[in-house]
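K.L.:
fold the stuff below for me.
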Amino acid sequence: MKLQCDVEVVNRMLPTYGMRSRGKGARAVLSIGRHVDKTSQRSNIYMMICTAKDRAGSKYKLKDNIEKFFTWFVEEGKATVRLKEPAVDVCLSKADANSLKNFLSAARLADRGSDSSSLPLSTLTPVRARDVEQPKKKMTIVSKKDYPLTSNFPYSLEQLQVSYCKLSRVDMRMLSLKALRKLDLSNNHIKQLPATIGDLGCLSELVLHNNHLETFSDALCLSTLQRTLQLLDLSQNRLKYFPPHFCQLRELVNLKLDDNALVCLPSHAGRLQKLRFLSAAHNQLTVLPGDFRKLSLENLDLFGNPFIQANPLDHEMQLTFPLSLQEMASRAVANLRIPYGPHLVSAHLCRDLDRAKTCDCGCVCVNFFIKTAVSMNLHQVSHTVVLVDDMGGTDAPVQRFFCSLSCYSEFLDNSLQRGIR
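P.N.:
Predicted coordinates:
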């Protein structure tokens, strides 16, 4: 029986001499096995602890020698074994919870003197240096020749950068790194992202700068990334649109979309309430979504987009009289916030409801509306604004939707009155 974890051996007599333990564990391999005592020539079950400084290991007898087990935090990979002789506490941490439970069970059986045939014993031999190294948390690969082809990535990785390796797809071995917090795959040739990236339950930063992405999967927007992803860098790709549920990534703080082929930003951008940094320079944006007005940013960069000249009198009419029954039903579902999904209504109705627009009056319109654009000073949504064009402007057109002629007429009247004043 072997266990890899951090270990601190605390002598309980230290306070008697006015001394304290250093309070820091070292990476170690613990083994339970049989050893012959040179003095008594008797064979007993021992626990051996090997560290980088003591690879030969220190042995502690187990039979009738364990005073107590402390296992309150065993599910977190922590436990303490209190020995009678010598008077030490063996403090274990950063262990796999299941492996730790099995190790403690074996130690308990050894303490009770159980038949050795029922114990999963190991050979008590010195360990290799790599067995007691601290788990690797960060790896950077910036050359194709350094890319691992036969070995796996260390499972303990929290940060992984693989750049300039000409990857055409995401290596599935990366998707088994459950502790990964930052994944940087910039400067490769990746065309598509697997939905299983969403299974990386700790991922807070995803950098895909300078790849060949043409789409961003809707499945990723509905994965665990909703709760973890804070930085997303999709700059210098080939994106034109975003999936309907993109704004479900509500933990986003920093979003980089520069140098793509975007013709529009996510229609429900206002739902990204934690977003503070947004850059979408050098795209094909002609107008911003109406929900954009709800953002509260610290820095905004929209330079180099072909924005139209906003004129509220120029409008697009998509209304019928009377409204279709489907439009009336869809509006009722949205306005009353009735739950919906593919298990309740057909998929195309779900897509329509996901793209619903909000009128100035607060009501929702789905497929029938009047659309126009008004000019907005971007300082209304961001503390710092990069100039929109070479002329020094910070205004950009924002879409406005109206559910009826009366709402549109009221908007024009109010606009006229403000202009007169």
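
K.L.:
any buried residues in whichever strand or helix holds residue 326, and which?
P.N.:
For residue 326, the host element (DSSP states H and E) is helix 325-335. Residues of helix 325-335 classed as buried by neighbour count (16 or more other C-beta atoms under 10 Å): 327, 330-331, 333-334. In short, each C-beta sits where N, CA and C put it, glycine included.

K.L.:
equivalent analysis for stretch 72-82, please.
P.N.:
The neighbour-count check on stretch 72-82 (16+ other C-beta under 10 Å) flags 74, 77-82 as buried.

K.L.:
contact partners of the helix holding residue 326?
P.N.:
The contact list for helix 325-335 (C-beta atoms under 8 Å, 6 or more residues apart in numbering) reads 323, 338, 340, 349, 352-353, 356, 363-368, 403.

K.L.:
in strands, which of these fall?
P.N.:
Of those, the ones assigned to strands by DSSP state E are 364-365.

K.L.:
among the contacts of helix 325-335, which are in helices?
P.N.:
Of these, the ones assigned to helices by DSSP state H are 349, 352-353.

K.L.:
can you show me the strands along the stretch 51-200 of the chain?
P.N.:
Taking DSSP state E, counting those that start in this stretch, the strands of the stretch 51-200 of the chain run over residues 58-61, 66-70, 79-83, 88-93, 138-141, 159-162, 182-184.

K.L.:
also the stretch 201-350 of the chain?
P.N.:
Using DSSP E, counting those that start in this stretch, strands in the stretch 201-350 of the chain cover 205-207, 231-233, 254-256, 277-279, 297-301, 316-318.

K.L.:
confidence-wise, which of the ones you listed is weakest overall?
P.N.:
Lowest mean pLDDT of the strands of the stretch 201-350 of the chain: strand 316-318, a mean of 84.

K.L.:
against residue 280, how distant is the spatially closest residue to residue 240 that is not a sequence neighbour?
P.N.:
The shortest distance from residue 240 to any non-neighbouring residue, by C-beta to C-beta, 6 or more residues apart in numbering, is to residue 261 (5.0 Å). The gap separating residue 261 from residue 280 is 11 Å, by C-beta to C-beta, to the nearest Å.

K.L.:
residue 305 too?
P.N.:
Noted for residue 305: a distance of 7 Å to residue 280, by C-beta to C-beta.

K.L.:
who has more neighbours out of these two?
P.N.:
Neighbour count, other C-beta atoms under 10 Å: between residue 305 and residue 280, residue 280 has more, with 23 against 19.

K.L.:
contact partners for the more buried one?
P.N.:
Taking C-beta under 8 Å, 6+ apart as the contact definition, residue 280 lies against 257-258, 260, 262, 265, 301-302, 305.

K.L.:
ok, 7 Å please
P.N.:
Residues counted as contacts of residue 280 (C-beta atoms under 7 Å, 6 or more residues apart in numbering) are 257-258, 262, 265, 302.

K.L.:
ok, of those, which one's closest to residue 391?
P.N.:
Distances from residue 391 to those, taken as C-beta to C-beta, are shortest for residue 302 (13.8 Å).

K.L.:
quick check: domain ranges of this structure?
P.N.:
Split into domains by automatic domain parsing, the chain comes to 2-132, 138-261, 316-380+395-420.

K.L.:
wait, doesn't residue 89 sit right on residue 8?
P.N.:
No - using C-beta atoms under 7 Å, residue 89 makes no contact with residue 8, being 8.3 Å away.

K.L.:
which residue in the contacts of residue 280 has the weakest pLDDT?
P.N.:
residue 265 (92).

K.L.:
run through the residues that contact that residue.
P.N.:
The contact partners of residue 265, by C-beta under 7 Å, 6+ apart, come to 280, 285, 288-289, 292.

K.L.:
please report phi then psi for it.
P.N.:
For residue 265, the backbone dihedrals are phi -90, psi 170 (criterion: degrees, to the nearest 10).

K.L.:
so it versus residue 280, what's the distance?
P.N.:
Distance from residue 265 to residue 280, by C-beta to C-beta: 7 Å.

K.L.:
do residue 34 as well
P.N.:
Separation of residue 34 from residue 280 (C-beta to C-beta): 67 Å.

K.L.:
measure the spatially most central residue of the chain to residue 189 for me?
P.N.:
Nearest to the mean C-alpha position of the chain, counting by C-alpha atoms, centre = their mean, stands residue 203 at 2.7 Å. Residue 203 sits at a distance of 22 Å from residue 189 (criterion: C-beta to C-beta).

K.L.:
closest to residue 193 among the contacts of residue 265?
P.N.:
residue 280 (19.3 Å).

K.L.:
neighbours around residue 111, how many?
P.N.:
Residue 111, neighbours per other C-beta under 10 Å, totals 21.

K.L.:
that one contacts residue 69, correct?
P.N.:
No - using C-beta under 7 Å, residue 111 is not in contact with residue 69; the gap is 9.1 Å.
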